[in-house]
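Novice: Starting from these lines, generate the structure:
(chains A, B, C and D)
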Amino acid sequence: MISPGLAIPLALWVPLLGCLAIWLLDKSPNLREAATLITGAILFALTVTIFIAVSTGQRPGFQALEVIDGLPIAFQAEPLGALFAVIASGLWLVNSVYSIGYMRAGNEKHQTRFYMSFAVAISAAIGVAYAANLFTLFIFYEVLTLSTFPLVTHKGDEKARRGGRIYLGVLMATSIGLFLPAIVWTYVITGSTDFVEGGLLAQHVEAAGPIVGILLGLYAFGIGKAALMPAHPWLPNAMVAPTPVSAFLHAVAVVKAGVFAILKIVVYIFGIDLLKDTGASIPFMWIAAGSILLASAIAMNQDNLKARLAYSTVSQLSYITLGAMLATSMGVMGGAMQIAAHALGKMTLFMCAGAIYVAHHKTLISEMRGLGRVMPFTFGAFFLGAMSIVGLPPMAGSWPKFFLMLGAADAGQLAIIAVLIVSSIVNVVYLLSIPVQAFYMNPAEEGAKPQGAGGAFIDWGALKEAPILCIAPPMFTAAGVIALFFFIDPLYRFLLPLIGGG
Amino acid sequence: MEHAILRVTTKIFFAPIILYALYVQFHGDYGPGGGFQAGIIFAVAFILHAFCFGLEETKKALPQRALIVAMVVGLLFYAGTGVATMLLGGNLLAYDVIVPGSAHNAGQHYGILLVEWGVGVTVASTMLTIFYHFTGREPDIDQEDW
Amino acid sequence: MSDFTAHISPIVLLDVSLLTMLIIVAFAMLRSRHLFAVVMLSGIFSLLSAAFFVSLDAVDVAFTEAAVGAGISTVLMLGGMLLTARREKPAAKGRAPVALAVVLATGAALIYATTDMPAFGDPNSPANSYVGQLYVEKTPNDIAVPNIVTAVLASYRGFDTLGEVMVIFTAGIAVILLLGAGSGRGGRKVADRAVSGQEGSGHDSSDHETSDKGGK
Amino acid sequence: MNLAEQLPVLPVIIPLVAAPITLLLPQGRAPHLWATLISWLTFAVSIALVAMVSDAGVISYHLGDWAPPLGIEYRIDMANALVLALVSGIGAVVFAFAYRSVEREVDPRQSTFFYCAMLICLTGLMGVTITGDAFNIFVFLEISSLSTYALIAMGAKSDRRALTAAFNYLVMGTIGATFFVIGIGLLYQATGTLNLADLHDRLAGQSNRMVEAGFAFIVVGIGLKLAMFPLHLWLPNAYTYAPSAVSAFIAATATKVAVYVLIRFFYSVFGFDFAFVGHAFTYVLLPLGLAGMFIASLVALFQDDVKRMLAYSSVAQIGYMLLGLSFATVEGLTASLVHILNHALMKGALFMAVACVVFRTGSHSIQAFAGLAKRMPVTTWAFILSGLSLIGVPLTVGFISKWYLLTAAFAAGHGYAAFLIVASSLIAMVYIGRVAEMMLLREPPSEGPYAAAKEAPMSMLIPMWVLVAANIYFGVRTDLTGDLAVRAAEALMLVAGGAP
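Specialist: As a prediction, the model looks like this:
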């Protein structure tokens, strides 16, 4: 077994080597895809190694180099980062399988560039996960933005260019315009950007007062990847990308890197206690709550499936921001769990959307009526994923909601509980309605098939499913959603150090 | 014979002007003057020549290529003196090392003489170069003629 | 050292009249559109300044001004003029107020500075009492040439002079680059008046620079 | 000759002697090889000088063996040692790069004189930087300016507007030089000395109108040379129409040297004892720096000529440097010095990338960049990486600059300035992004004048990538730039008598 200390640099380099291998194997697609999968498997093993080490209380890390005094590029694994890395690398593996199916079925161009960008992006995501200070996190955050740009503009047409411009524009503008000054300001106040247990700023008394609120605002909106309204427009616009990109990057790696950073900054830079004492996070808590409701409302009006999922993501990401801004340990716990639960659930939904597109070239929800009867596996997986997002047991998604409500109660914010309940109801309407319509309603254009119940409900003879490589991954993650519900206790205990327990 | 008086006058004055230039050049240590002024006066003699006999005639006496070489040589005379003092163990342009241990500052005298000569040569040739280019657009020279 | 007061002497009258003429010539140059007249007036301007320098006891500077400013500059400007037109185009209107403001501000700053200047010839002024005085005292020993200006020019500050020679050399190179063979215009007497006019005046400025140097 | 003793004068005297010799060489490759060799040699001795200063502290070299203030002194501390290394380093890279580009853009009969003028320009810039004498600064400033005017005019073979551009620059530059020399004259009148260190000593405690006016004239004069907003009007055209290699060289060096001179006068000659220095910082440099950053960036946004866009960007970047030095803190001065170095690296690389495009397409219009990622991938990526550096993306030198500048802004209590700085980099992102999108996402034209573009020759690519690599290397390792700049800033601050 590789030592955890060595595993971190390896986890950063392996995807880059994979990227090189993919480039060299440009001419033989099968070997190229094999390279992707092997890289994914190795990476997953490495992150699991680190995860196990962290669960035993170790904090492996290393310092690469010091760019400016007090500004090193350094890495250290802690529970939140280890969890994020495992989720990202594990789902990358799943997504790679899915990508192969999707890209080949669609005969997409520039597949080599596609896989290379993916490899760089995952390396950046791992860097974000293990970053030991804000500076390192910022570097990989930017690399993640830039490396995913070719993925978003993959199609290369005017629509993709426009989407790419907004994607890059919003993410870079917020990160350079707000996030970077916030980091510099933190550095000027504290002389460091390290993640410190209990909070870096909490150690500096002079940091109290309105500065905390301003800084928190800079971070909250500066980390555009967290898609806190109004910094969200990049996310719907990124949907011009091929579905595997949306599935992985815009349900897992990119957006989770954002909310992960917010959680990490709240816990390790401000410290929960500092925020609680100063009350600086209350306004942002309400902004997050508003973001949840508003994005849900917008999602309801989207007929394009991917757009609806995108706004749903905006809404769900704000749960995590909300958890962080509650400034209670249960809120942070809920946010951290939401990272895992939402990643599995939303990725399932996106992959299903891709499978539908591959098999039937349909993107509008209104066109999908009755489609469940010819794609029962896809819509079955979609149903499970949607249940999780809504927060119904026995799905993993129910736990974060539970902890968030606990956190809100701790903080004495009962209105937030109401927000969470309303949001869940809206989720039911706009997510669960899709599989229900698919199974129970007649196709709009044909209307030939009678709407029956029971035996002849699914015409097994006329199934028209997507290729197996497009179906298996969402079913796998859907199963994961159920499994995570039952394994929540180990996760809870793994995350306890985050809130000062364990 | 056109402008006979002018031509004769020019011929008469040409040599004294050059002589005066040399006087100004070498008398700079004792009175007003030096390389800058001498160079100008030297150039003026040739400009006068060009006015009366035409630029082509002057160019026969003092071709453009020779002027460029003179520009280089003049500048190098000055800079070279500096480099020489460095090679002799002093700092750049530390003339004392030219004649070490001299009681009457002979090194300084030689040094000043050398650099002033460099100034004079450069100024004269540069002024004439500028004059040549202003007055007579020289014909395109072919690649081989260089 | 006792306080120094400049006393009125007949030379002052000469200075005043020379300066008055300088101003008149300068305005005449500004008003005239006839380039030939302007060139000639600039020669006169240089000659007057040379005379003024003599009255300030700066003989070396006067000599240089006479040779460079009144002499070769006039010739070169005539040459430049021949490449363009005989008459200046009427000046374009519009930017004049800005230019006027800049000129007035510059003038005001200069006049402002003069109010604190030491009197002309004051032996106690910093310029005369410090390094200047040192040059006078040390030259006989260090260099032993009678002309202190030459001593400063060629030895004490010989490196500046090397730089100035380089400036002149550069001016030569610049002219060759602009007008020489292969400059895209060499040999052909092209009638591109606007452009050659700019070039002509461009070289005027560099000539002025060289004359500045020579006069140091 | 004792080489170690004579080392301080070598960075100037080597190109100075070599420049005229160029004219004696035969036409063809020889002048270029000679100039390149000399530039490398100059770079080598400059590096040796940096090492020497790093060990021995301030070096004073007496030209002609005359002790200052009688003679001229070369006074090399960390600040100008760094700028010397920068100028000669850029020279070494650009000279090596120039051959093919110049061969195409300049008549072969002129190339000998062209390289001679390039060496003269290098000499002038080095001479300005190294010297400790005010009048010597003026003389070498004139050497560099005069050669630059001619070099810019050489663009006339491709575009006749180069002549107007050179003429405008000549007028503005001459006014600047005149102002500068008037300022020096006034200071001489007030002190009787021309030596910078001596000036500082003898100015101490003096407060009269000569000094005030002298200060004003020097600031405006140098402000013209460094294209301080709004005195920048000469710069965009000059950079746009100059031959590509010349643009790359002067964009990376000339204005930087002028900024250095400004720092030298502010900190080493006047110092903070003078109230007007503080006023100039607060009421002139700070607002003008900010205004330049914004207005020039916004103008750059609307340029369809990539060279002109980069030129306006330079004006904006000069705003950063002025902003940094106007904070009057060690951090601010460090930021300014670091940005002098870093901006040279990125602008040099960017202009070289454009030179490659010009070499293959004959145009620097943004249309010529369409689809170049497919035709000229190596050039494209050089442009994009240096562009990212200009924006200030981490792991590039641009980020280091921005980091120092932002910390300085926060530490000096100018938090608002920090946000203006990042806002201006965002504008940079948009205009670089425009070109990048053109290169990456457009289809290359299949017909027309730009269709035949292919990758630039190796002789251009290698030097360009050396600079691009420097952009990355110094973005990760700052012990050569940042640490030395901190030392330089601390030393300057000590002389200036700054409290912090």
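Novice: Which residue would be the closest one in chain B to chain D?
Specialist: Nearest to chain D in chain B, going by CB to the nearest CB, is B:Ala94, at a distance of 3.7 Å. Where you see a C-beta, it was placed from the backbone N, CA and C, and this is true even at glycine.
Novice: The residue nearest the centre of chain B in helix, strand or coil?
Specialist: In chain B, the centroid-proximal residue (CA atoms, centre = their mean) is B:Val121; its distance is 2.3 Å. What DSSP: H, G, I helix; E, B strand; the rest coil gives for B:Val121 is helix.
Novice: Show the low-confidence segments of chain B, by residue range.
Specialist: Counting by pLDDT under 70, chain B shows low-confidence ranges at B:1, B:137-146.
Novice: Which parts of it are helices?
Specialist: B:4-26, B:35-53, B:55-61, B:64-87, B:106-135 (DSSP state H).
Novice: so which of these comes closest to chain A?
Specialist: Of all the helices of chain B, helix B:64-87 sits nearest to chain A, with 40.6 Å by CB to the nearest CB.
Novice: Show me what counts as buried in that closest one.
Specialist: By neighbour count with 16 or more other CB atoms under 10 Å in any protein chain shown, helix B:64-87 contains the buried residues B:64, B:67-68, B:70-86.
Novice: Now the stretch 201-350 of chain D against chain C: closest residue?
Specialist: Nearest to chain C in the stretch 201-350 of chain D, going by CB to the nearest CB, is D:Ala213, at a distance of 3.5 Å.
Novice: Which residues of the stretch 351-500 of chain D lie near chain A?
Specialist: Within the stretch 351-500 of chain D, the residues that sit near chain A (CB under 8 Å from any CB of the partner chain) are D:388, D:391-395, D:400, D:402-404, D:406-407, D:410-411, D:415, D:418-419, D:422-423, D:425-426, D:429-430, D:433, D:437, D:441, D:475-478, D:482.
Novice: just checking, which of these belong to strands?
Specialist: Among those, no member falls in strands (DSSP state E).
Novice: In PyMOL, select just the buried ones from these.
Specialist: Those of those that count as buried under 16+ other CB under 10 Å are selected in PyMOL with:
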select buried, chain D and resi 388+391+392+393+394+395+400+402+403+404+406+407+410+411+415+418+419+422+423+425+426+429+430+433+437+441+475+476+478+482
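Novice: Which members of the residues of the stretch 351-500 of chain D next to chain A are positioned in helices?
Specialist: Among those, DSSP H puts D:388, D:391, D:400, D:402-404, D:406-407, D:410-411, D:415, D:418-419, D:422-423, D:425-426, D:429-430, D:433, D:437, D:441, D:475-476, D:482 in helices.
Novice: okay, and for the chain, where does confidence drop off?
Specialist: Answering for chain A, as no chain was given. A:1, A:205-208, A:443-462, A:501-502.
Novice: my question was about chain C
Specialist: Using pLDDT under 70, chain C drops low at C:1-7, C:92-95, C:184-216.
Novice: Give me the neighbour count for A:Gly5.
Specialist: When neighbours are counted by other CB atoms under 10 Å in any protein chain shown, A:Gly5 registers 15.
Novice: for D:Phe276, that is, sorry about that
Specialist: For D:Phe276, the neighbour count with other CB under 10 Å is 16.
Novice: how near is it to D:Phe266?
Specialist: 11 Å (CB to CB, to the nearest Å).
Novice: residues contacting the residue nearest to C:Leu41 when sequence neighbours are not counted?
Specialist: Spatial nearest neighbour of C:Leu41, chain neighbours left out: C:Met29 (4.7 Å); criterion: CB to CB, 6 or more residues apart in numbering or on different chains. If you count contacts by CB atoms under 8 Å, 6 or more residues apart in numbering or on different chains, C:Met29 has them with C:38, C:41-42, C:45.
Novice: Spatially, and excluding backbone neighbours, which residue is closest to D:Phe249.
Specialist: Closest to D:Phe249 by CB to CB, 6+ apart is D:Val94, at 4.5 Å.
Novice: Please identify the helix or strand for the one you found.
Specialist: Per DSSP states H and E: D:Val94 is located in helix D:78-105.
Novice: Quick check: mean pLDDT of that helix?
Specialist: What helix D:78-105 shows for mean pLDDT is 93.
Novice: buried residues in it?
Specialist: For helix D:78-105, by 16+ other CB under 10 Å, it's D:78-102, D:104-105.
Novice: Going by proximity to chain A, name the top residue of chain C.
Specialist: C:Val98 (35.8 Å).
Novice: Count the residues that sit near that residue.
Specialist: Residues lying near C:Val98 (other CB under 10 Å) number 9.
Novice: Just the element for it, please.
Specialist: helix C:96-114.
Novice: what helices or strands is that helix leaning on?
Specialist: helix D:161-191, helix D:209-225 (3 or more CB pairs under 8 Å, 6 or more residues apart in numbering or on different chains; DSSP states H and E).
Novice: buried stuff in it?
Specialist: Residues of helix C:96-114 classed as buried by neighbour count (16+ other CB under 10 Å): C:106, C:109, C:113.
Novice: what comes into contact with it?
Specialist: Helix C:96-114 has contacts (CB under 8 Å, 6+ apart) with D:179, D:182, D:186, D:209-210, D:212-214, D:216-217.
Novice: quick one: which of those is nearest to chain A?
Specialist: Distance to chain A across the contacts of helix C:96-114 (CB to the nearest CB) is lowest for D:Ala216, with 33.8 Å.
Novice: what pLDDT does the closest one get?
Specialist: At D:Ala216, the model reports a pLDDT of 93.
Novice: for chain A, longest helix please?
Specialist: helix A:329-360.
Novice: Double-check that A:Ser192 belongs to a strand.
Specialist: No - counting by three-state DSSP, A:Ser192 is not part of a strand but coil.
Novice: contacting residues for it?
Specialist: Contacts were defined as CB under 8 Å, 6+ apart; by that measure A:Ser192 touches A:70, A:133, A:200.
Novice: ok, the nearest residue to D:Phe327 once chain neighbours are set aside - contacts?
Specialist: The spatial neighbour of D:Phe327 that comes closest, neighbours along the chain excluded (CB to CB, 6+ apart), is D:Ala412 at 4.2 Å. Contacts of D:Ala412 were listed using CB under 8 Å, 6+ apart, and they are D:327-329, D:331-332.
Novice: Tell me which of those residues fall in helices.
Specialist: In helices, defined here by DSSP H, the members of the contacts of D:Ala412 are D:331-332.
Novice: Widest-spaced pair of the contacts of D:Ala412?
Specialist: Across the contacts of D:Ala412, the longest distance by CB to CB is 10.2 Å; it joins D:Ala328 and D:Glu331.
Novice: who in chain B is up against chain D?
Specialist: Taking CB under 8 Å from any CB as the criterion, chain B approaches chain D at residues B:68-69, B:71-72, B:75-76, B:79-80, B:82-83, B:86-96, B:141, B:143, B:146.
Novice: And the strands in chain D, which stretches?
Specialist: Using DSSP E, the strands of chain D run over D:59-62, D:73-76.
Novice: So is the following helix or strand past the helix holding C:Val98 next to chain D?
Specialist: The helix or strand immediately downstream of helix C:96-114 is helix C:126-129, counting by DSSP H and E. Yes - Helix C:126-129 is in contact with chain D by CB under 8 Å from any CB, via C:126-129.
Novice: Contacts for the helix or strand just after helix C:126-129, please.
Specialist: Per DSSP H and E, the first helix or strand lying C-terminal to helix C:126-129 is helix C:131-142. Residues from elsewhere that reach helix C:131-142, judged by CB under 8 Å, 6+ apart: B:105, B:108, C:145, C:148, C:151-152, C:155-156, D:69-70, D:192-194.
Novice: quick one: which of these sit in helices?
Specialist: B:108, C:148, C:151.
Novice: any idea how far the helix holding D:Val94 is from the chain center?
Specialist: Centroid separation between helix D:78-105 and its chain, computed with CA atoms, centre = their mean, to the nearest Å, is 11 Å.
Novice: How about stretch C:38-46?
Specialist: Stretch C:38-46 sits 12 Å away from the centroid of its parent chain (CA atoms, centre = their mean).
Novice: ok, and what's touching that stretch?
Specialist: For stretch C:38-46, using CB under 8 Å, 6+ apart, the contacting residues are C:22, C:25-26, C:28-29, C:32, C:65-66, C:68-70, C:73-74, C:77-78, C:81, C:88, C:211.
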